[in-house]
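J.: Task: produce atomic coordinates for the following.
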Amino acid sequence: MSRDTAPRPLVTILDDEPEIRQMLSDTLQEAGFDTLSFGRARAFEAALATHTPDVCLVDLSLPDTDGLTLVHRLALEQGAIVIIISGRAQVQDRVTGLELGADDYIIKPFDPAEVVARIRARLRSAKPTPQAGTTARFNGWTAHFDRYVLQDAQGTEVTFSHAEGEVLRLFLDAPKRLISRAQMQESLGGVASESFDRAMDVRISRLRTKLGEDPKNPQLIKTIYGAGYIFLGDVNWD
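T.: Residues are numbered from 1 along each chain as shown. Sure, this is the predicted structure:
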């Protein structure tokens, strides 16, 4: 007698250290994930033509490419969650990684159980609620969350990253309501810190640019200094 089972999320691991790849692969498979491991960015990028990962774990110190450049490209072109795993512990490295679109940053050495927990938290925050749609219309714009695309009234499209999409959905799910920094941190699974605040500022700034907002006088995403943000659009979900 057969029974239906939910598909196992696919996690890709890009790290040039074989021991780390094996450790992560074994831990993640035991935790209920499928994995693909790569030691070089070229092989990893080739695999993206035939595989659609749910989560990408990316080391920054790669022998054949700049890890930060790869993270930025993944954030723009893939719908996957991007988590950096790196030995670079400086605050500026973490801030830069998040600014370029990464969803999280884990510093080596790490406990594999922490990686599993971070992945599960990110997957929970990215999973639409049953009543949530994939297309939202507001003030002449259409947001396609299944394609990570914003479309204006003339049909011109601009892509947004998974990280930017998390923030946009948060606004569209609660229009004309104040969203505090603490609420953003709780909803998006981040850790309250200067780097998290900076990452939110960058994501919101990029969303404003893509929505054609005047940075000195935005009309859709308003900053309430000392309190948070309010999205002032009229939203309809399909």
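
J.: use CA for all of it now, contacts and neighbours both
T.: Will do.

J.: tell me the centre residue of this protein?
T.: In the chain, the centroid-proximal residue (Cα atoms, centre = their mean) is residue 163; its distance is 3.3 Å.

J.: wait, what's in contact with that one?
T.: Shown in contact with residue 163 (Cα atoms under 8 Å, 6 or more residues apart in numbering): 75, 81, 101, 102, 103, 203.

J.: mind giving me the domain split of the protein?
T.: By the assignment in automatic domain parsing, the chain contains the domains 10-126, 135-237.

J.: Residue 230 reaches residue 181, doesn't it?
T.: No. Assessed by Cα atoms under 8 Å, residue 230 is found out of contact with residue 181, at 11.4 Å.

J.: Distance-wise, check residue 57 relative to residue 104.
T.: Applying Cα to Cα, to the nearest Å, the value for residue 57 to residue 104 is 10 Å.

J.: between the two, who's got more neighbours?
T.: Neighbour count, other Cα atoms under 10 Å: between residue 57 and residue 104, residue 57 has more, with 26 against 22.

J.: Who does the host helix or strand of that one pair with, and is each partner parallel or antiparallel?
T.: Applying DSSP states H and E as the criterion places residue 57 in strand 55-58. Using DSSP bridges, strand 55-58 pairs in its sheet with strand 10-14 (parallel), strand 81-86 (parallel).

J.: So which residues make contact with the last one?
T.: The set of residues external to strand 81-86 that reach it, using Cα under 8 Å, 6+ apart, is 54-61, 71, 74-75, 97, 101-108, 122-123, 162-163.

J.: Also the shortest one?
T.: Applying Cα under 8 Å, 6+ apart, the set of residues contacting strand 10-14 from outside is 21, 24-25, 33-41, 44, 52-59.
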